[in-house]
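*Asks:* next input, structure requested:
(one chain, ligands or ions: 3)
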Amino acid sequence: MHNVVFVLGPPGSGKGTICSKIQENLNYVHLSAGDLLRAERQREGSEYGALIESHIKNGSIVPVEITCSLLENAMNASGDAKGFLVDGFPRNEDNLQGWNKQMEGKAVVQFVLFLSCPVSICIDRCLNRGQGRTDDNEESLKKRVETYNHQTYPIIEHFEKSGLVREVKSERSIDEIYADVVNVFNAANKE
Ligand SMILES: Nc1ncnc2c1ncn2[C@@H]1O[C@H](COP(=O)(O)OP(=O)(O)O)[C@@H](O)[C@H]1O
Ligand SMILES: O=c1ccn([C@@H]2O[C@H](COP(=O)(O)OP(=O)(O)O)[C@@H](O)[C@H]2O)c(=O)[nH]1
Ligand SMILES: [Mg+2]
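*Replies:* Ligands and ions are numbered 1, 2, ... in the order given. Alright, predicted model coming up:
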């Protein structure tokens, strides 16, 4: 049974940055759904390349059948760990339903780490990210924020109803955020 922490927040809130630090220090394996999709987009012979690229450019969400299988394969291929940081997923109702269906009996959600951050700061961070991404531009970011507000935030509210959300304010410095994140993981692993 895989132990999973979903890491959610607007684009540029610091999900990837904070997940890397957690992976380094707390024995959780970082799986960025976005990175897995970008790798699949490039994979020789992938039948999903063009579909993935159009969703990424549009800031819309790739069908869960593709993303969830990439995540499940990555978890199964990984060595032993305390758990998996599933970064940037589930992003909408289709993702949530698809995860519940495909991962029932195979994964348990320990909690949801929600990195909240004002959108203006997030957009600035993405525009300065410098990773040459096809979606770090004004046009795509506008759509990504729209998707986040209308499709992803409701997923955070869904988990909030079962008391699974741990919010960490992420407009601060990386060190300040990470100090709070360590406390969240310590508390969760004491329960
Ligand atoms: N707390 C922070 N303060 C300033 N810059 C940050 C902070 N967290 C992340 N960044 C930077 O902002 C950009 C987006 O961070 P990233 O971790 O990729 O966010 P996400 O995965 O949520 O899109 C990166 O260039 C990263 O270095
Ligand atoms: O589960 C996922 C994760 C990502 N994406 C797509 O990949 C893009 C980039 O996601 P990523 O998490 O890398 O963006 P970040 O939030 O880190 O800027 C998203 O806008 C979506 O188009 C998706 O469709 N499903
Ligand atoms: Mg990211």
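*Asks:* give me the contact list for the host helix or strand of V7.
*Replies:* Per DSSP states H and E: V7 is located in strand 2-8. Contacting residues not belonging to strand 2-8 are listed as 15, 18-19, 28, 75, 82-91, 103, 106-115, 152, 155-156, 159, 188 [C-beta atoms under 8 Å, 6 or more residues apart in numbering]. C-beta here means a position set from N, CA and C on the backbone, and glycine is covered the same way.
*Asks:* which ones among those residues map onto strands?
*Replies:* Mapping the contacts of strand 2-8 onto strands (DSSP state E) picks out 28, 83-87, 107-115.
*Asks:* just the buried members of the residues you listed?
*Replies:* In the ones in strands among the contacts of strand 2-8, burial by neighbour count holds for 28, 83-87, 107, 109-115, counting by 16 or more other C-beta atoms under 10 Å.
*Asks:* ligand 2 contacts on the protein?
*Replies:* 11-12, 15-16, 32-34, 37, 55-56, 59-62, 67, 88-89, 91, 95, 135, 144 (C-beta under 6 Å from any ligand atom).
*Asks:* would you mind checking the residues you listed for buried ones?
*Replies:* By the neighbour-count criterion of 16+ other C-beta under 10 Å, the residues of the chain next to ligand 2 include these buried positions: 11-12, 15-16, 32-34, 37, 55-56, 59, 61-62, 67, 88-89, 91, 95, 135, 144.
*Asks:* helices or strands up against the helix or strand where E40 lies?
*Replies:* Using DSSP H and E, E40 maps to helix 33-42. Using 3 or more C-beta pairs under 8 Å, 6 or more residues apart in numbering; DSSP states H and E, the elements in contact with helix 33-42 are helix 49-58, helix 64-77, strand 83-87.
*Asks:* at 10 Å what do you get?
*Replies:* Identification of packing neighbours for helix 33-42 by 3 or more C-beta pairs under 10 Å, 6 or more residues apart in numbering; DSSP states H and E yields helix 15-26, helix 49-58, helix 64-77, strand 83-87.
*Asks:* would CSV of the ones you listed with distance to ligand 3 and mean pLDDT be doable?
*Replies:* Listed next are those as CSV, based on distance: least, C-beta to the ion, whole Å; pLDDT from 0 to 100:
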stretch, distance to ligand 3, mean pLDDT
helix 15-26, 4, 98
helix 49-58, 12, 97
helix 64-77, 14, 98
strand 83-87, 6, 98
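*Asks:* figure out which of those is closest to V182.
*Replies:* Closest approach to V182 among the helices and strands packed on helix 33-42 (C-beta to C-beta): helix 15-26, 7.3 Å.
*Asks:* what residues does the protein have near ligand 1?
*Replies:* 9, 11-17, 125, 129, 170, 173-174, 177.
*Asks:* of those residues, which pair is most distant in space?
*Replies:* The two members of those with the most space between them (C-beta to C-beta) are P11 and S173, at 19.4 Å.
*Asks:* show me the residue sitting in the middle of this protein in space.
*Replies:* The centroid of the chain falls nearest to G88 when counting by C-alpha atoms, centre = their mean (1.5 Å).
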